[in-house]
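Participant: Kindly generate the corresponding structure for this input.
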Amino acid sequence: MRPAAIAFDAAAPGFDRRFGEWLSVAAQRQAVRRALAAAFPVGGRIFEIGGGTGEDASWLAERGFDVFLTDAAPAMVELSANKLARFGSRAEVMPAEDIEQFAERHRATGGRPFDGAFSNFAPLNCVADLAPVGRGLAYLLKPGSAAMLVLFGTFSPAEMLVEWLRGRADQSFRRLGRGDVPVRIGGKDFVVRYHRARELQSAMQPWFRLVQRLGIGIFVPPSAAEPWISRHPRFLAALECLDRLACRPLVALGDHVLYHFERTDAQIS
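Facilitator: Next up is the predicted model:
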């Protein structure tokens, strides 16, 4: 496994218990889910990249979607598969870097195309080269279908403020860095890349066109503000209202950015 997969595999047993209690995470997740529900056709077949413990996939499956979740960490996939089994959806171990090879096999064996794809909470920031992801999604998705990809924002004033208040000024500007940026989860070290919008669009063209971008967590703070922000639910609710107003005009300031792509008619050789 790649270092990021090893880290999330180690973190899997306590992942839901930790992040599930945090209201800032729930607020950002809810904003993404509203966009997913609006973009995907009712009852559609949906492909998820980096689905983790299956929280979003289960939410979609409960609403009648047929979700195929992928993740690089086996322990994450085991947890998500248990949640999805009762809905008839499934999960499989697959690094995002291998989506193109999977998609080629899927098409070669007569697999049906998907009605949409998504990735939430930035697993694609663990991927150095996004081009194979774009090509793989082009193989998998029907023309006109949506690819909803949530990546880290590259300039988050909310994170800068939180890190400064926590006395970690050295972390305040990490998103401005180019190339590999070291992080640590589950006691394991790995690197992420804060991809710029131009990089992602280049990886998705010409098979996808960008429909819109939405800022996720502009005023709602990142999880670094936990557990403090969860003790102030009314304040957080007010920040959620501000986010709804600011998600388009202030998209570049989001903790995360949701990129809504649409599959074009461009063929992939």
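Participant: Now for residue 216, how many residues are close by?
Facilitator: 27 (other CB atoms under 10 Å). Glycine gets a C-beta too; all of them are placed from N, C-alpha and C.
Participant: Pull the contacting residues for it.
Facilitator: 28, 31, 32, 150, 243, 247, 254, 255, 256, 257, 258 (CB atoms under 8 Å, 6 or more residues apart in numbering).
Participant: May I see the residues you listed arranged in a markdown table, with distance to residue 160 as well?
Facilitator: Output for the contacts of residue 216, formatted as a markdown table (distance: CB to CB, whole Å):
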| residue | distance to residue 160 |
| --- | --- |
| 28 | 17 |
| 31 | 20 |
| 32 | 22 |
| 150 | 20 |
| 243 | 17 |
| 247 | 19 |
| 254 | 13 |
| 255 | 11 |
| 256 | 15 |
| 257 | 16 |
| 258 | 21 |
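Participant: Select only the buried ones of these in ChimeraX?
Facilitator: Here is the ChimeraX selection string for the buried members of the contacts of residue 216, based on 16 or more other CB atoms under 10 Å:
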select :28,31,32,150,243,247,254,255,256,257,258
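Participant: CSV for the contacts of residue 216, including secondary structure, distance to residue 124 and pLDDT?
Facilitator: As requested, the contacts of residue 216 are exported to CSV (DSSP: H, G, I helix; E, B strand; the rest coil; distance: CB to CB, whole Å; pLDDT from 0 to 100):
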residue, secondary structure, distance to residue 124, pLDDT
28, helix, 16, 98
31, helix, 18, 98
32, helix, 14, 98
150, strand, 8, 98
243, helix, 22, 98
247, coil, 20, 98
254, coil, 15, 98
255, coil, 15, 98
256, strand, 11, 98
257, strand, 11, 98
258, strand, 12, 98
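Participant: Just the C-alphas of stretch 28-44, formatted as CSV.
Facilitator: In CSV, the C-alpha atoms belonging to stretch 28-44 read as follows (Å, rounded to 0.1, in the frame of the first residue of the first chain):
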residue,chain,number,x,y,z
GLN,A,28,-19.3,20.6,5.6
ARG,A,29,-20.6,17.1,4.7
GLN,A,30,-24.1,18.4,4.6
ALA,A,31,-23.2,21.1,2.2
VAL,A,32,-21.6,18.6,-0.2
ARG,A,33,-24.6,16.2,0.1
ARG,A,34,-27.0,18.9,-1.0
ALA,A,35,-24.9,19.4,-4.1
LEU,A,36,-24.7,15.6,-4.8
ALA,A,37,-28.5,15.2,-4.4
ALA,A,38,-29.0,18.0,-6.9
ALA,A,39,-26.5,16.7,-9.5
PHE,A,40,-27.2,12.9,-9.6
PRO,A,41,-30.2,11.3,-11.3
VAL,A,42,-32.7,9.6,-8.9
GLY,A,43,-31.7,6.0,-8.4
GLY,A,44,-28.5,6.3,-10.5
